[in-house]
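Novice: Return a 3D structure for these sequence lines:
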Amino acid sequence: MTSTKDQIEVSYDVSNEFFRLWLDERMHYTCAVWRDGDTLETAQENKSRILYDFAEVDKTKRVLDIGCGWGANLEYVAKRGAKAAHGVTLSTAQHEEIMARKLQGVKVWCMDYANFAPKEQGEELYDALISIEMIDHLCSPAQAQQGLAVQIYRAYFEKCATFVKPGDCFGFQAILRNRMPRNRKDLEDLRFTADVIFPGGLNPRLEELVTAVSPRWEIVELHTRREHYGKTTAEWLRRMKLHEKDIRATYGDQVFDDYDRYLSTCVRAFDAHWSSDVQMKLKRID
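Specialist: As a prediction, the model looks like this:
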């Protein structure tokens, strides 16, 4: 993983209670999928349902969630039905949150996915994979400038292929970078988001992912969710502002100001096509 453990903790270990103030009740920190009448909670459940179906999970399947966050998607998988729902995260705070939830059928390792091997952990190969916006931590801006992005993403998909058998499916989701803005303030805000909120990471381009899945995975289905992520980040921003006074008092002015700038930039980025999001159903091929 290109992002170090220290960098991951900058992004996700501010405080579990801080994120709980403005994420949904289960603490999904990824793009929801909205239908008419949805709340953030139901829209996030829609996202998990789609990826569960993409991975062809059922009560007989053992599932691995790569980059499982605070365990919201694992909780959905376990409750809807799976033989086992396992996850990997590099964030200590996220791992502690999952352990505190004591979810039945859920097991999580706090480690780099690149060092994970089912047999070494006393586990069999899995029957299905899910990964939601974790790939954004794999390639740094410097590596992308060196032309290494596809190579790094291909290594990720090759590693993921070792967790399952040919014919098994993968529900995959990633934030995408599209256009670049044309004015200095917008460029500075995007750079701030990358350097301060998510140091060491970079959103892939769609064409890089389409190239990198070969030769181990077939793209069976693909949907982009740009407008959905714009609506998701706008709702996060709205909820966070409702707690401005408490956040400033508990975590300091800098934390509120940084996250206000970051989330406001995200809303603009999805509206202006600087960023998007993709969900793919992948099938492991021999």
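Novice: Skip ahead from the longest helix seen in the chain and say which helix or strand is next.
Specialist: For the chain, the helix with the greatest residue count under DSSP state H is helix 253-271. Reading on from helix 253-271 to the C-terminus, the next helix or strand found by DSSP states H and E is strand 275-284.
Novice: Could you name the helices and strands sitting against that next one?
Specialist: Contact analysis of strand 275-284 by 3 or more C-beta pairs under 8 Å, 6 or more residues apart in numbering; DSSP states H and E lists helix 40-54, strand 169-177, helix 206-212, strand 217-224, helix 226-242, helix 253-271 as its packing neighbours. The C-beta positions use only the backbone N, C-alpha and C, and glycine is treated the same way.
Novice: and the next element down the chain from the fifth one?
Specialist: The element immediately downstream of helix 226-242 (helix or strand, assigned by DSSP H and E) is helix 244-251.
Novice: Can you tell me which of the helices and strands packed on strand 275-284 is most buried?
Specialist: Here the criterion is mean neighbour count by mean count of other C-beta atoms under 10 Å, and of these the winner is strand 169-177, at a mean of 24.
Novice: between it and strand 217-224, how many degrees?
Specialist: Orientation of strand 169-177 against strand 217-224 (axes from the mean of the first three to the mean of the last three C-alpha atoms, to 10 degrees) gives an angle of 50 degrees.
Novice: from the chain's centre, how far out does strand 169-177 sit?
Specialist: Taking the mean of its C-alpha atoms, strand 169-177 sits 8 Å from the chain's own mean (C-alpha atoms, centre = their mean, to the nearest Å).
Novice: Next: stretch 229-238.
Specialist: Relative to its chain's centre, stretch 229-238 lies at 15 Å (C-alpha atoms, centre = their mean).
Novice: Need the contact partners of it.
Specialist: The set of residues that contact stretch 229-238 without belonging to it, under C-beta atoms under 8 Å, 6 or more residues apart in numbering, is 22-23, 31-32, 34, 40, 43, 175, 260, 263-264, 266-267, 270-271, 275-277.
Novice: Export the helices and strands packed on strand 275-284 as TSV, with columns for distance to residue 191.
Specialist: Rendered in TSV, the data for those read as follows (distance: least, C-beta to C-beta, whole Å):
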stretch	distance to residue 191
helix 40-54	28
strand 169-177	13
helix 206-212	20
strand 217-224	24
helix 226-242	18
helix 253-271	10
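Novice: So which of the ones you listed is nearest residue 93?
Specialist: For the helices and strands packed on strand 275-284, proximity to residue 93 was assessed by C-beta to C-beta; helix 253-271 is nearest, at 14.6 Å.
Novice: Enumerate the positions of stretch 90-110 that are buried.
Specialist: 90-91, 93-95, 97-98, 101, 103, 105-106, 108-110 (16 or more other C-beta atoms under 10 Å).
Novice: And the residues you listed, which is closest to residue 118?
Specialist: Minimum separation from residue 118 among the buried residues of stretch 90-110 (C-beta to C-beta) is found for residue 109, which lies at 10.5 Å.
Novice: No more questions from me, cheers.
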